[in-house]
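**Q** Sequence plus predicted model, see below.
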Amino acid sequence: MRHLLAVFIAIAALAPAAHAVTIDPIPGSLVYPTQPKTKLRKAPVGSIVQHNFYSNGVNYNETYRVLPDRRLKLLNRRPIIRE
C-alpha cells in the first residue's frame, strides 16, 4: 500500500511538468525580445491581458498573465480567422 501511495504521489508531482508547453514569442508579441521592456503598473497581479496584433500576414490574439514582478507570461496564442 505504501509503495502504491508513493507511486501515486510521484506521478501527481510530475504531471504538471509533463503538460507544460512553452509558447515562443513571435514578432508583435508583447514579450518578443526586441519589444521595449516595460512592466505593467496598474494591472492586478494574476490578471489576464489580451493582445491582438498582425505578424507575417496573419492576425493573432495572445493571452498573458501578469506575474508578481509585473512582467507578462505568454499563456496562449491563436490566429484570428475572419470570414
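**A** That came through, no problem. Residues are numbered from 1 along each chain as shown.
**Q** helix or strand for the residue nearest the centre of the chain, which one?
**A** The residue lying closest to the centre of the chain (Cα atoms, centre = their mean) is residue 75, at 2.0 Å. According to DSSP states H and E, residue 75 maps onto strand 72-79.
**Q** Point out the other helices and strands that that strand packs with.
**A** Strand 72-79 is packed against strand 58-66, with contacts defined by 3 or more Cβ pairs under 8 Å, 6 or more residues apart in numbering; DSSP states H and E. The way it works is simple: take the backbone N, C-alpha and C, and place the C-beta from them, glycine included.
**Q** rerun at 10 Å
**A** strand 48-55, strand 58-66 (3 or more Cβ pairs under 10 Å, 6 or more residues apart in numbering; DSSP states H and E).
**Q** To residue 80, which of those lies closest?
**A** Comparing the helices and strands packed on strand 72-79 by their distance to residue 80 (Cβ to Cβ), the top pick is strand 58-66, with 4.1 Å.
**Q** Check what contacts that closest one and list those residues.
**A** Applying Cβ atoms under 10 Å, 6 or more residues apart in numbering, the external contacts of strand 58-66 come out as 23, 25-26, 28-31, 39-40, 42-54, 71-82.
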